[in-house]
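Chemist: With the sequence up front, the predicted model follows.
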Amino acid sequence: MAELRVIPLEGIPEVVRGDDVAALVTAAVALEDDDVVVLAQKIVSKAEGRVVRLDELEPSAQALELAGELDPRRVEAILRESAEIVRVRPPLIIAQTRHGFICASAGVDSSNAPEPGMLVLLPEDPDASAETIRERIHELTRRTVGVVVTDSFGRPWRQGTIDVAIGSAGIEVLKDLRGARDRVGYELHATTIAIADEIASAAELVMGKLNGIPGAVVRGLSVRGEGRARDLAMPRERDLFR
């Protein structure tokens, strides 16, 4: 690989339910085969109508108990999106989503919501969302690309958030190097690279959180594959921290 480029998708308007995300992408950039289109979760969720108004939520007894200084309606949204509450340290709620991801607030977020008093939820099936967008891009351009849907996650042992893949289609998400040998002949026994997460983080460098740039194209990789972002979630039997 001689060069890797990360191209911001600029000029994409505010997305509303029913918008054709693939058409917005193809209008913003001339795609090439093997490009990886990286999209912030918010743009996908808004197009799919995955938003909720706080005033439509009635807090349950559990939400009222956990809320502390948080709006109990927001906590109710978190509970509804959660398969399991993993840790609580008010105002922080760490939950496992129905997709299997462990993250703050089950991915429920008010930043970049369509209006004040609204929350954006994760897509129902981010992998399926990525595949749908990928197929639509191919229909529009005849280009074969990968698609990654991203969100910001914290990390247990390091400061700061980092973007990771929560949806993926058309790319290798994990590169298993076990059994390969390095330059001096050492056989690797445990090395598996989270390719999709690395792509997500590279794209975030040009997207940012406050720039109004909801996506990017990563160009120069050769990562075609059939992996899904759900494959990146740690299996419970290998989880050393629960």
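Modeler: Done, it's in. Model, not experiment: these values are computed from the prediction.

Chemist: from here on, contacts and neighbour counts on C-alpha atoms
Modeler: Will do.

Chemist: check which helix or strand covers the residue minimising distance to the centre of the chain.
Modeler: In the chain, the C-alpha nearest the mean C-alpha coordinate belongs to T150, at 2.4 Å (C-alpha atoms, centre = their mean). If you go by DSSP states H and E, T150 is part of strand 146-155.

Chemist: That strand packs against which elements?
Modeler: Applying 3 or more C-alpha pairs under 8 Å, 6 or more residues apart in numbering; DSSP states H and E, we find strand 146-155 packed against strand 36-40, helix 41-47, strand 102-104, helix 126-141, strand 158-169, helix 195-207.

Chemist: about what we covered before: who are the contact partners of the residue nearest to the centre of the chain?
Modeler: 38-41, 163-167, 200 (C-alpha atoms under 8 Å, 6 or more residues apart in numbering).

Chemist: again, only using 7 Å
Modeler: T150 sits next to 39-41, 163-167, 200 when contact means C-alpha atoms under 7 Å, 6 or more residues apart in numbering.

Chemist: Neighbouring strands - and their directions - for the one helix or strand in the chain whose mean pLDDT sits lowest?
Modeler: Least confident helix or strand, the chain: strand 175-176 with a mean of 82, by mean pLDDT, DSSP states H and E. Applying DSSP bridges to the sheet, strand 175-176 is found paired with strand 192-193 (antiparallel).

Chemist: Spatially nearest residue to E172, not counting backbone neighbours?
Modeler: G225 (4.2 Å; C-alpha to C-alpha, 6 or more residues apart in numbering).
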